[in-house]
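Q: I would like to see how this sequence folds:
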Amino acid sequence: MQQRVIGDTTVSAIGLGGMPMSIEGRPDEARSIATIHAALDAGITLIDTADAYRMPAEGVSHNELLIAKALRSYSGDTSKVLVATKGGHTRNEPIEGYWGQDGRPEYLKKAAEASLAALGVDVIGLYQFHRPDPSVDYADSVGAIRDLLDAGTIRFAGISNANPEQIRLANDILGGRLVSVQNQFSPSFRSSEPELELCDELGIAFLPWSPLGGISGAGSLGTRFAAFQEVADAHGVTPQVVCLAWELAKAPVVIPIPGASRPESIINSATAADLALTSEELATLDAA
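A: Numbering: from 1, shown residues only. A predicted model of the protein is given here:
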């Protein structure tokens, strides 16, 4: 499988997004673990999670605990797997909105310690500030991530849902040690193109979340964007594979993290790392 770099670590060009295995509509634990194992079998070495990936009114860290269990029970080598988790996003009791933000430095530090315990590791591989909190100065939130990095609680630091100004500020606060930006990007959501281009300029990994259009949109991608279906038919693959290959071709820093809740879907997604699209096909997809 094609590979990419986060910090000084080589990972697979396609990652696994763990969110669908822990929120509404999630599969049972056995199928989730089988999905993670299938990803590892396919050569995927980047797994994305967050402490907020859980059902509302449920204890935090459901997805982190699930991933930790799957890695412990895997029969193969997991020493090269990088688990990326996040803090600063919350899931409230079942009330309007469900999702909230908490970017207070003291909260982020406690959240990181809780994630450390849930993952069962001595050091978190990659820890990302999940989402800006409008009630907290962004520099203060990123300062907490810097403190975690300096303390050795986390190996790498990243941010998520950030704009170009925040990316530059975070990299400055972290002393040039920002290694990843995780933003939404897909055929139906292209407004993060400036952030992608900035990450390419700075040599920072760009991790598109919901790269296939989200849980509800992934299945209809070929219908909503006919060009992706046409290119897929020409290569004998699915439009989802074409979509991920298109994103990989955007820049060498791009590492899509499609969510999955079935082994078949992540096995299919993993093949995108080896699909080469022509310049004409890429131009067609860009215009779709």
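Q: Name the surrounding residues that touch stretch 27-46.
A: 1, 6, 11-12, 14-16, 18, 21-22, 26, 47, 66-67, 69-71, 73-74, 76, 78, 80-82, 84, 255, 257, 260-267, 270 (CB atoms under 8 Å, 6 or more residues apart in numbering). Where you see a C-beta, it was placed from the backbone N, CA and C, and this is true even at glycine.
Q: Next: stretch 72-80.
A: With CB under 8 Å, 6+ apart, stretch 72-80 has contacts from 10, 33, 36-37, 40-41, 45, 71, 120.
Q: Could you work out the end-to-end span of it for me?
A: 14 Å (CA to CA, to the nearest Å).
Q: Kindly report the same for stretch 248-266.
A: Per CA to CA, the first residue of stretch 248-266 is 16 Å away from its last.
Q: Please tell me how far it is from the chain's geometric centre.
A: 9 Å (CA atoms, centre = their mean, to the nearest Å).
Q: just stretch 190-200 next, same as before
A: 15 Å.
Q: mean confidence for it?
A: Average pLDDT, stretch 190-200: 97.
Q: again with stretch 220-240
A: Mean predicted confidence for stretch 220-240 is 97.
Q: Just the C-alpha atoms of it, please, in CSV.
A: What follows is stretch 220-240, C-alpha atoms only, in CSV (Å, rounded to 0.1, in the frame of the first residue of the first chain):
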residue,chain,number,x,y,z
SER,A,220,-25.0,7.6,-2.9
LEU,A,221,-21.7,9.2,-4.0
GLY,A,222,-21.8,7.8,-7.5
THR,A,223,-25.4,8.9,-8.0
ARG,A,224,-24.8,12.4,-6.7
PHE,A,225,-21.6,12.8,-8.7
ALA,A,226,-21.9,11.0,-12.0
ALA,A,227,-18.2,11.7,-12.9
PHE,A,228,-17.0,9.5,-10.0
GLN,A,229,-19.2,6.7,-11.2
GLU,A,230,-18.0,7.0,-14.8
VAL,A,231,-14.3,6.9,-13.7
ALA,A,232,-15.1,4.0,-11.4
ASP,A,233,-16.7,2.0,-14.2
ALA,A,234,-13.6,2.6,-16.4
HIS,A,235,-11.4,1.1,-13.7
GLY,A,236,-13.7,-1.6,-12.5
VAL,A,237,-13.8,-0.2,-9.0
THR,A,238,-16.4,1.6,-6.8
PRO,A,239,-16.9,5.4,-6.9
GLN,A,240,-15.8,5.4,-3.2
